[in-house]
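Asker: for reference, the sequence and a predicted model appear below.
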Amino acid sequence: MDKYMTLSSHVTKVCQSASFAIAKIGSIRKYIDRSTAERLVHALVTSRLDSNNGLLYGLPGTVISKLQRVQNSAVRLVLGVKGYRVDINDLRRSELHWLPIRDRIAFKILMLTYKSLHGLAPPYLADLLTTYQPTRSLRSATQFLLDPPRRIVTSYYGERAFSTSAPKLWNGLPQSIRKATSLAIFKNT
């Protein structure tokens with residue numbers, strides 16, 4: 001950890017290990033089909049990128065871009081794309097249906113939030129969240145919103161905490177998604 005909690009050394013190590021796995025898969029890529037390559041990438045690369053990525057919420061773009069470059073390399077490997085003139089974002093979205101790293105981080109926090117609100121997560125996470133209860137009758141009372149904490153200790157570290165980031169992301173979702181009746185419906189919408 002550095003003094004600004006950017007986790008840059010952690011991200012660098014994750015990128016190194018994921019890049020090593022990409023290189024190893026790349027050495028056998030011509031002998032395997034696309035679905036096998038995709039499974040290997042999920043097992044050896046994506047699992048590293050997703051491990052503890054909820055902690056990376058709110059980090060500077062320079063740190064997240066390192067992880068994004070690794071994911072882009074994995075997309076090129078799976079699809080067999082040569083060169084850099086191809087729009088990798090379109091391929092990632094249309095061919096593989098993968099979320100970009102920043103969205104994967106937000107998705108993980110939102111999944112933990114949904115599970116916490118529905119009793120599917122550990123109680124210590126649910127205790128960090130407070131549902132919005134207005135003092136008088138308002139239309140917003142029925143929208144299943146979360147109440148962000150009133151006092152943030154530090155603006156940089158405090159906004160990255162689960163108790164602050166979860167309500168911010170949750171309240172930004174459309175009401176139909178917030179009121180999803182099951183985890184499967186929540187994931188797919």
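Answerer: That came through fine.
Asker: make it CA atoms for all contacts and neighbour counts henceforth
Answerer: Will do.
Asker: which SSE is residue 113 in?
Answerer: helix 101-117 (DSSP states H and E).
Asker: moving C-terminal of the one helix or strand in the chain whose mean pLDDT sits lowest, what's the next helix or strand?
Answerer: None of the helices or strands of the chain scores lower by mean pLDDT, DSSP states H and E than helix 155-158, at a mean of 62. Where DSSP H and E defines the elements, the next helix or strand beyond helix 155-158 is helix 162-171.
Asker: now that next one: average pLDDT?
Answerer: For helix 162-171, mean pLDDT rounds to 92.
Asker: I figured residue 126 was touching residue 117, is that so?
Answerer: Yes - with contact defined as CA atoms under 8 Å, residue 126 and residue 117 form a contacting pair (6.3 Å).
Asker: related to what we said a few turns ago, show me what counts as buried in whichever helix or strand comes after the helix holding residue 113.
Answerer: In the C-terminal direction, the helix or strand that comes right after helix 101-117 (DSSP H and E) is helix 123-126. Of all the residues in helix 123-126, those buried under the rule 16 or more other CA atoms under 10 Å are 125-126.
Asker: repeat that for stretch 163-171.
Answerer: Quick answer for stretch 163-171 (16+ other CA under 10 Å): 163-168, 170-171.
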